[in-house]
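Undergrad: the following block contains a protein sequence and its predicted model.
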Amino acid sequence: MIADGAGRAIAFRIAPGQAHELPHAIPLLDALPGVPRWVVGDRGYTSHHFREHIWSMGARPAIPPQRHKAPVSCPDWIYNNRNRVERLWARLKEWRAIATRYEKTARSFLGVLCLAATLNHLKR
């Protein structure tokens, strides 16, 4: 998921449960209408290729390195905003169909996810 600075969902992509989300992050970033100033992610998105892609599109990455990797610059003041996405997921998971993945197909699950995100956007 990509969220804006106010914690509202912008775009989604469904990944299989056993697969990592990193391969889906680059197409999501490329689908944005503009260029964000910062791309904030957790340690799971640490990848040299992903960081280079963020820099090449004109944004700055705020992704801390994994503990066994060499340190990179990750300003705390911007990384602390990552919890907005976590809070967004918590609000979306208040819907039973999202929390339990009640829908059988990815298409219907994405529909419920978009509906919940739209109502969350209107509510805020």
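TA: Everything's here; your move.

Undergrad: so which elements touch the lowest-mean-pLDDT helix or strand in the chain?
TA: Counting by mean pLDDT, DSSP states H and E, the weakest-scoring helix or strand in the chain turns out to be helix 76-79, with a mean of 82. If you count contacts as 3 or more Cβ pairs under 8 Å, 6 or more residues apart in numbering; DSSP states H and E, helix 76-79 packs onto strand 38-40. Placement of C-beta: from N, CA and C, glycine included.

Undergrad: hmm, R124 is touching A6, no?
TA: Yes. With contact defined as Cβ atoms under 8 Å, R124 counts as touching A6 (7.1 Å).

Undergrad: rewinding a little: buried residues of the next helix or strand after the least confident helix or strand of the chain, list them for me.
TA: On the C-terminal side of helix 76-79, the nearest following helix or strand under DSSP states H and E is helix 83-92. Residues of helix 83-92 classed as buried by neighbour count (16 or more other Cβ atoms under 10 Å): 84-85, 88, 91-92.

Undergrad: got it, and stretch 64-79?
TA: Neighbour counts over stretch 64-79 (16+ other Cβ under 10 Å) mark 64, 74, 79 as buried.

Undergrad: kindly state the pLDDT recorded for P36?
TA: Per-residue pLDDT puts P36 at 90.

Undergrad: taking the mean pLDDT, what do you get for the biggest helix by length in the chain?
TA: Assignment by DSSP state H gives helix 106-123 as the longest helix of the chain. Helix 106-123 carries an average pLDDT of 92.

Undergrad: buried sites along that helix?
TA: Buried residues in helix 106-123 (16+ other Cβ under 10 Å): 109, 112-113, 116-117, 120.

Undergrad: now tell me what touches stretch 10-18 from outside.
TA: Stretch 10-18 is contacted from outside by 1-4, 21, 23-24, 27-28, 31-32, 106, 109-110, 113-114, 117, using Cβ atoms under 8 Å, 6 or more residues apart in numbering.

Undergrad: can you check stretch 88-97 too?
TA: Residues outside stretch 88-97 that contact it (Cβ under 8 Å, 6+ apart) are 1, 3, 7-9, 98-99, 102-103, 109, 112-113, 116-117, 120.
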